[in-house]
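1. A predicted structure for the sequence below; I have some questions about it.
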Amino acid sequence: MKKIFILLTLIIMTLIIGCGNEQASEIEQHADDNDIEVAENDSKEVSGDLVIKMLNVGQGDAILIQTKTQNILVDTSDTDERDKLRSELDKAGIKKIDKLILSHAHADHIGGAKLVIENYNVKEVYNDGTDRGKYNVYKGYITAAQKKNIPVKTLQAGDKLNFGGKVSFEVFYPTEELRAKFAKENDYNDTSIVGRLTYGDFSMLFTGDAEKVAENEQLNSKYAKKLKSTVFKAPHHGSKTSAGADYMKAVSPEYVVISAGDPSDPTGSGNSYGHPHKQALNSYINNGGVNKKNIFWTFENGTITIKTDGKNWNVTPEKKSNWINSWLKKN
C-alpha cells in the first residue's frame, strides 16, 4: 500500500513539473517572439542619405526624392490638388527642385507642374515626349518653363539620369516608336515613363500609369531582367489594368506603394474608380510575393517615407492602418 502511495505521489509530481515546464516554455516562446519583433524593428531604423516620399496629395501622383545633392520631383498631382502638393513640399522644406519628371500628360500627374515651375527654383523638366499642345494643363506648364528658360527634355528607353550622391535612374520605357504609337491612339497611360532608381543594394521602380500592354513591352525588351526592385510604385493608382502576373513575378518587390484618393469622394479628381482594385492587390501578393503588411496606400497611410543608406532601408507610413484585409473582403 505504501509503495502504491509513493508511486502515485511521484506521478502527480511529474505531471505538475511537466505542466510548469510547458507553461514556462510557452512564456519563453512569447518572450522570444517579442524579442524578435523588437530586433526586427530596431534593424529597420535607418538614417539614410536617400529619402523618397510618396506624398499624400489625393488621387494623383507626386513623389519627392531627396539625395545628398539634389531634389527630384516625379509628377505633381492634379489641378485641384495643387494646395495639397504645395503643403507637402513646404512641409519637406523644399525651395529648389533640380529635376522635375512628368511621367505622362494626364492631369492627375501634370496638374501641379505649372505651380511648381512658377513657385520653386526648378532647374530642369523632363517628360515622355508627348506633345499635347492644345491641352491647357500641358500648355500651361510648357509656357511657364519657357518663360523661365527652363529646358524641357524627353526621356525614353535607354536614358540615364544622375540624381547625385551615387543615386541613378535608368529609363526602361517607352521607346520613341511606342510613345508615338500610343500617343496617336490617345492612350497616354501607355506613354508613361517607366524607370528604375538604384542606390547600392536598394532599388525602386517608377511606373506612372503604365498598363499591361506597356508591362508586356518591357517584359519583351532587353530590360526585362532589370525589373526586379525593392520598392514598386503601383502603376495607375493600383488599377486592375496593371500588375500583370508575369510582370509582378519579374519585379518581385518587398514593398508596394500606392497613390490613390478617397474612394467615397468621386468629385473633381476624386477616386471614383475604387482604386486600388482587388485584382491588382492580389497580384502584388500572389504573383509578386509581397507581404500584405508591406503594401501602403496614401489615403489610408498618409505620406509614405522610404529611407535608405544603400545597404539597409525602411518604409514608414505617416499613419498605421490595417486597411488591406477589409478592403479585399469589401471589393
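-> On my side now, so go ahead.
2. can you give me the strands in the stretch 101-250 of the chain?
-> In the stretch 101-250 of the chain, the segments counted as strands under DSSP state E, counting those that start in this stretch are 121-127, 152-154, 160-164, 167-173, 194-199, 202-206, 231-233.
3. out of these, flag the one nearest Asp265.
-> Closest to Asp265 of these is strand 231-233 (CB to CB; 22.6 Å). Yep, even glycine has a C-beta here, placed from its N, CA and C like the rest.
4. pairing partners for the closest one, with directions?
-> Partner strands for strand 231-233, per DSSP bridges, with pairing direction: strand 202-206 (parallel), strand 255-258 (parallel).
5. now the element after the last one, going C-ward?
-> In other words, strand 255-258. Under the assignment DSSP states H and E, the closest C-terminal helix or strand after strand 255-258 is helix 278-286.
6. mind listing residues that contact that following helix?
-> Here helix 278-286 makes contact (CB atoms under 8 Å, 6 or more residues apart in numbering) with 232, 234, 238-240, 242-245, 248, 253, 256, 290-292, 295, 324, 327-328, 331.
7. spatially nearest residue to Glu124, not counting backbone neighbours?
-> Residue nearest to Glu124 in three dimensions, not counting chain neighbours: Lys99, with 5.2 Å by CB to CB, 6 or more residues apart in numbering.
8. does the one you found touch Ile72 like I think?
-> Yes - counting by CB atoms under 8 Å, Ile72 is a contact partner of Lys99 at 4.5 Å.
9. shared neighbours, these two?
-> Phe163.
10. was I right to think Val74 contacts Ile63?
-> Yes - if you go by CB under 8 Å, Val74 and Ile63 touch, sitting 4.3 Å apart.
11. find residues that contact each of the two.
-> Common contact partners of Val74 and Ile63 (CB under 8 Å, 6+ apart): Phe206.
12. got any ranges where the stretch 1-150 of the chain has weak pLDDT?
-> 1-46 (pLDDT under 70).
13. could I get the buried residue list for stretch 196-211?
-> Across stretch 196-211, burial judged by 16 or more other CB atoms under 10 Å covers 196-199, 202-211.
14. so where is the stretch 201-331 of the chain shaky, pLDDT-wise?
-> Across the stretch 201-331 of the chain, the ranges flagged by pLDDT under 70 are 266-269.
15. element containing Gly58?
-> If you go by DSSP H and E, Gly58 is not part of any helix or strand.
16. what's the neighbour count on it?
-> Neighbour count for Gly58, taken as other CB atoms under 10 Å: 25.
17. do Ala245 as well
-> 14.
18. please report phi then psi for the closest residue in space to it that isn't next to it in sequence.
-> Nearest residue to Ala245 in three dimensions, chain neighbours excluded: Asn287, at 4.5 Å (CB to CB, 6+ apart). Here is the backbone geometry of Asn287 (degrees, to the nearest 10): phi -100, psi -40.
19. report the separation between Asn287 and Ala214.
-> 17 Å (CB to CB, to the nearest Å).
20. more neighbours, these two?
-> Ranked by neighbour count (other CB under 10 Å), Asn287 and Ala214 place Ala214 first, with 28 against 18.
21. so what's the residue nearest to the more buried one when sequence neighbours are not counted up against?
-> Excluding the flanking residues, the one nearest Ala214 by CB to CB, 6+ apart is Asp190, at 4.4 Å. Contact analysis of Asp190 by CB under 8 Å, 6+ apart lists 174, 178, 182, 210-211, 213-214.
22. repeat that for His275.
-> Shown in contact with His275 (CB under 8 Å, 6+ apart): 59, 236-239, 258, 260, 263.
23. how does it look with 10 Å?
-> 59, 234, 236-240, 258-261, 263, 297, 299 (CB atoms under 10 Å, 6 or more residues apart in numbering).
24. before we move on, what about Thr303?
-> Thr303 neighbours (CB under 10 Å, 6+ apart): 53-57, 62, 64, 88, 91-92, 296, 316-319.
25. just the ones in helices from those residues, please.
-> Judged by DSSP state H, the contacts of Thr303 include 88, 91 as members of helices.
26. can you show me the helices along the stretch 101-250 of the chain?
-> Using DSSP state H, counting those that start in this stretch, the helices of the stretch 101-250 of the chain run over 107-110, 113-119, 136-147, 176-184, 212-219, 245-251.
27. return the members of the contacts of helix 278-286 classed as buried.
-> Neighbour counting by 16+ other CB under 10 Å classes 232, 234, 238-240, 242-244, 248, 253, 256, 290, 295, 324, 327 among these as buried.
28. between these, which is nearest Glu118?
-> Nearest to Glu118, judged by CB to CB, of these is Ala234 at 29.7 Å.
29. can you tell me the closest non-neighbouring residue to that closest one?
-> Ile258 (4.2 Å).
30. quick check: bridge partners of the one you found?
-> Beta-bridge pairing of Ile258, defined through DSSP bridges, involves Trp297.
31. so it touches Asn294, yeah?
-> No - using CB atoms under 10 Å, Ile258 is not in contact with Asn294; the gap is 11.7 Å.
32. more neighbours: which of the two?
-> Ile258 (27 against 15).
33. which ones are touching Ile150?
-> Going by CB under 10 Å, 6+ apart, Ile150 touches 100, 117, 121-125, 141, 144.
34. that's all I had, so thanks and see you.
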